[in-house]
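Undergrad: Quick check, what structure comes out for this input:
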Amino acid sequence: MPLIDLLTLVLIISFFVYGARCLFAEAMVHEFKRWGLPHLRYLTGLLEVLGALGLVVGGWFPWLGIFSAAGLALLMLCGILVRIRVKDTLFQTLPAVLFLVISVLVTWGLGTSQR
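TA: Down below sits the predicted model:
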């Protein structure tokens with residue numbers, strides 16, 4: 001399996017699961033309150049699930065996969081900024097950094113494979 005496909009699969013699974021948690025898990029209510037963003041919990045979860053689904057559909061419509069990966073990268077950048085604002089530790093911030101890097105790599109990889 002090519003690396004770009006593996007990274008895309010990691011994003012699909014991770015964002016589908018985490019997005020579903022944002023939508024349905026009670027623990028996420030506390031986290032979004034801690035971040036001062038309780039009103040954005042459903043939107044965040046919906047964007048994550050839609051991003052994961054966009055990556056899946058991107059197998060048939062490559063432009064949608066590129067757009068979805070870029071959108072997830074933007075979402076992770078916002079997540080990093082929120083964690084910096086609330087003074088989370090580096091350890092708490094690292095997953096968002098890792099997913100930002102993976103999302104950028106997938107955006108780039110899917111974009112270059114279209115040429």
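Undergrad: which residues are contacting stretch 79-98?
TA: Taking contacts as C-beta atoms under 8 Å, 6 or more residues apart in numbering, the residues outside stretch 79-98 that touch it are Arg34, Trp35, Gly36, Leu37, Met76, Leu100. Yep, even glycine has a C-beta here, placed from its N, CA and C like the rest.
Undergrad: can you count the residues close to the second one?
TA: It refers to Trp35. Applying the criterion other C-beta atoms under 10 Å, we find 17 residues in the vicinity of Trp35.
Undergrad: Let me see the backbone angles for it.
TA: When quoted as degrees, to the nearest 10, the phi and psi of Trp35 stand at phi -80, psi -10.
Undergrad: for the residue nearest the centre of the chain, helix, strand, or coil?
TA: To find the centre residue of the chain, average its C-alpha atoms and take the closest one (C-alpha atoms, centre = their mean): that gives Leu72, at 4.0 Å. Assigned by DSSP: H, G, I helix; E, B strand; the rest coil, the conformation of Leu72 is helix.
Undergrad: Report the contact partners of the nearest residue to Ala20 once chain neighbours are set aside.
TA: Sequence neighbours aside, Val49 is the residue nearest to Ala20 in space, at 6.4 Å (criterion: C-beta to C-beta, 6 or more residues apart in numbering). Applying C-beta under 8 Å, 6+ apart, we find Val49 in contact with Phe15, Phe16, Gly19, Ala20, Leu23.
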